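> Have a look; sequence and predicted model below, questions after that.
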Amino acid sequence: MYSWINEESGFNSVDQTRIFYRYWQPKITRTEGEQRALIFLHRGHEHSGRIKELVEQFGCQRDWAFAWDARGHGYSPGERGDAPSFEILVQDFNAFILHIQETYQIAPENMLIVANSVGAVIAATWLHDYAPRVRGVIMAAAAFKIKLYVPFAKAGLRFATCFRPDLFVTSYIRSSMLTHSRKQADNYDQDPLIAKTISARVLLGLADTAKRIVLSATAIDVPILMLVADKDYVVEQTPQLQFFERLSSQLKRYVVIKDCFHAIFYEQQVRQAIDASRQFIDDCFARVPVQVGHYAGADTLSASAQEYQALRRGKLGNFFSRGFYDIQRFMLGFMGPLSDGMKIGLEHGFDSGASLDYVYRNQAKGKLLLGKSIDRGYLDAIGWRGIRQRKVHMQQLLSTLIDQHSKDRPLRIVDIAAGSGRYVLETIKRFQGRNIEVTLRDFLPENLENAKQLATDLQLNTPIEYQCRDAFSPDSYVTPEEQYDIVIISGLYELFSENALIIKSLQGIQKQLRVGGHVIYTGQPWHPQLLMIAKTLKNHKGSPWIMRPRPQIEMDSLVAGIGCRKIQTQIGIAGIFTVSVARFDGVVEVPVANG
């Protein structure tokens, strides 16, 4: 007799694609405490119909269970094995979690994720980029690096997609390579919903994202159980171990399953995997989640703080890399002035408002044809492309909040470190018929002058107040002022390692934010060029531009510390920059965060 009622449903993802999922509602729910749920992510090629026996094997009879058909799989739409990108699969999963939270009233901290193979990479990316406060994650045979066997296969696929963007690859995997169980192999072979192809676009996106997440795994501190097959013909074991060793999780376990093929939960013998999973689930829910106040000290105690200190002391890199960056720095000083963008960076700092405004304009200029060519390469650097996408995300989220605001009362917006205010002013240009009041603040008078000129050029009729204020000074947040509906913090906190400064600024913001108002804030959870930037570029103070990427969970927790609950995050190119929205509910409490 089954302990669950099995139902089917669907949800609309970020692009309104309707994704299919199944759920198992317990016939007898918990009488004590809040409702809990296991969320299952299937392997590549598969679908949620194969999760049913897993729900029964896990045996959490009083807990809900959910499993989707990923886009391009099972009953979900899309060409089989395809998606617009690997990133959208992660966005789909985030939308799935939000749907479960809102529809079934199950809080994220009462969810535990069980993810297999490609599903495990989706889960790991989601943990890193969106920083959900889930109870824990079980990763089985995580596909951080797929065994392609053919030499230079990935390079060949990249070259081929230049000519055939919609190229598909047929899986070389046979059911006998997945499991020792003849029954499970037959089920796999006979299942009409299992697709044996995958698009090269998704496969390459998976590989690139997995590499990034393994390198930046220190940003993840959610409890993790890794189940690793010792005879896996599909994925490499080494990246799984590297990911595990870099995790900052206080509770993490690495269990190698002996004589086991890739399909760990569908093997001849599954007892070791199931027993380890059950014990992990019990241990996760027995632990008291870490409070958000824990992250206030992350600027000195975390892995990102250790890396930052190593950068400051010149301990990162080797003799050859340091020599290479010395040459780059020399060439920047020698050839850089030919490029208008590099010249601005050399004069004002590469993190200055003047530099960012030039990057936003994205119009290559320079002396002679060579200077313009150098400038184009400079503007196309991954970091600057990410900055421009951050601007787009900022404007999208700001526009959405303006649209949602009641037209019956004025909307008050303040940007506490506006620079030239380009992203705010360009957005307001589209809402000139609305009753909006804008306040732009900046530490440098010349930035405010540039903002005034831009407002004039845009022919804005919106009332704009310009205030020369320090975003980190308590004097900048005068309490008698009328409160704001939207507070914008863009590109500011990323420039400072110390959390005490951030907390002081946020406490000032809280005083000026009305109940029900929103904070839009940016983050930089990681950067692939930290060493190069530290060795070659100067900041606005004339010092080496040394950054401490602040993990998303840390940034979100600092904002939560003033009673603002995050409701949305947009992820930029390669996950370098994020833009988030949090709502101030008027009560400063201590939310929970996983550790």
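Cool, got the structure.

> F244 reaches Y254, doesn't it?
Yes: using CB atoms under 8 Å, F244 makes contact with Y254 at a distance of 4.8 Å. Where you see a C-beta, it was placed from the backbone N, CA and C, and this is true even at glycine.

> Please enumerate the shared neighbours of these two.
In the contact map built from CB atoms under 8 Å, 6 or more residues apart in numbering, the residues linked to both F244 and Y254 are M226.

> in this structure, which residue is closest to the centre?
D129 (1.7 Å; CA atoms, centre = their mean).

> Let me know whether my guess that that residue is in a strand holds.
No: secondary structure assignment places D129 outside any strand; it is helix (DSSP: H, G, I helix; E, B strand; the rest coil).

> Give me the buried positions along the longest strand anywhere in the chain.
For the chain, the strand that runs over the most residues, judged by DSSP state E, is strand 513-523. Of all the residues in strand 513-523, those buried under the rule 16 or more other CB atoms under 10 Å are L513, G517, H518, V519, I520, Y521, T522, G523.

> Identify the residue nearest the first one in space, chain neighbours excluded?
When the adjacent residues along the chain are set aside, L513 lies closest to F584, with 4.9 Å between them (CB to CB, 6 or more residues apart in numbering).

> Contact partners for the closest residue to I264 other than its chain neighbours?
On the basis of CB to CB, 6+ apart, the spatially nearest residue to I264 that is not a chain neighbour turns out to be A140, at 4.5 Å. By CB under 8 Å, 6+ apart, the contact set of A140 is V114, A115, N116, S117, A120, L227, I264, F265, A273.

> Please determine how far A140 is located from D232.
Per CB to CB, to the nearest Å, A140 is found 10 Å from D232.

> Ok, F350 next?
The gap separating F350 from D232 is 44 Å, by CB to CB.

> Check R80 too.
Using CB to CB, one obtains 24 Å as the distance from R80 to D232.

> and the two? which has more neighbours close in?
Each of R80 and D232 has its neighbours counted (other CB atoms under 10 Å); D232 has more, 22 against 16.

> Pretty sure that one sits against F261.
Yes: with contact taken as CB under 8 Å, D232 and F261 are classed as touching, separated by 6.6 Å.

> just the helices in the stretch 301-450 of the chain please.
Taking DSSP state H, counting those that start in this stretch to define them, one finds helices in the stretch 301-450 of the chain at 303-312, 319-335, 340-348, 353-361, 368-379, 382-404, 422-428, 445-457.

> got CSV for those, with distance to P289 too?
Output for the helices of the stretch 301-450 of the chain, formatted as CSV (distance: least, CB to CB, whole Å):
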stretch, distance to P289
helix 303-312, 20
helix 319-335, 40
helix 340-348, 43
helix 353-361, 37
helix 368-379, 43
helix 382-404, 28
helix 422-428, 35
helix 445-457, 41
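
> closest one to G205 among the ones you listed?
In this view, the helices of the stretch 301-450 of the chain are compared for proximity to G205 by CB to CB, and helix 382-404 is the closest at 15.4 Å.

> tell me which residues in the closest one are buried?
Judged by neighbour count (16+ other CB under 10 Å), helix 382-404 contains these buried residues: 383-391, 393-395, 397-398, 401-402.

> now stretch 299-313
For stretch 299-313, the buried set under the neighbour-count rule, 16+ other CB under 10 Å, comprises D299, S302, A303, S304, A305, E307, Y308, L311.

> hang on, the earlier thing: I'd like to know the average pLDDT value across whichever helix or strand comes after the longest strand of the chain.
Under the assignment DSSP states H and E, the closest C-terminal helix or strand after strand 513-523 is helix 530-536. Taken as a whole, helix 530-536 has a mean pLDDT of 92.

> Other residues contacting the helix or strand following helix 530-536?
Elements were assigned by DSSP H and E; along the chain past helix 530-536, the next helix or strand is helix 552-560. With contacts defined as CB under 8 Å, 6+ apart, helix 552-560 is touched by 128-131, 133, 219, 221, 292, 294-296, 298, 302, 304, 493, 499, 502-503, 506, 519, 521, 523, 525, 566, 569, 578, 580, 582, 591, 593-594.

> just the buried members of the residues you listed?
Buried members of the contacts of helix 552-560, scored by 16+ other CB under 10 Å, are 128-131, 133, 219, 221, 292, 294-296, 298, 302, 304, 493, 499, 502, 506, 519, 521, 523, 525, 566, 569, 578, 580, 582, 591, 593-594.

> quick one, strands of the stretch 1-150 of the chain?
With DSSP state E, counting those that start in this stretch applied, the stretch 1-150 of the chain shows strands at 4-12, 18-26, 37-41, 64-68, 111-116, 136-140, listed in chain order.

> Dump those to a markdown table, plus distance to S339.
Written out in a markdown table, the entries for the strands of the stretch 1-150 of the chain read as follows (distance: least, CB to CB, whole Å):
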| stretch | distance to S339 |
| --- | --- |
| strand 4-12 | 45 |
| strand 18-26 | 45 |
| strand 37-41 | 45 |
| strand 64-68 | 47 |
| strand 111-116 | 45 |
| strand 136-140 | 45 |
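
> Count the neighbours of V137 for me.
Per other CB under 10 Å, the neighbour tally for V137 reads 29.

> just N94 next, same as before
By other CB under 10 Å, 21 other residues sit near N94.

> Who are the contact partners of it?
W126, Y130, P132, T569.

> Which of those residues fall within helices?
Judged by DSSP state H, the contacts of N94 include W126, Y130 as members of helices.

> Save the contacts of N94 as CSV, and put in distance to I88 and pLDDT too.
Output for the contacts of N94, formatted as CSV (distance: CB to CB, whole Å; pLDDT from 0 to 100):
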residue, distance to I88, pLDDT
W126, 12, 98
Y130, 14, 96
P132, 17, 94
T569, 15, 96
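
> Closest one of the contacts of N94 to I489?
Checking the contacts of N94 one by one against I489 (CB to CB), the nearest turns out to be T569, at 14.1 Å.
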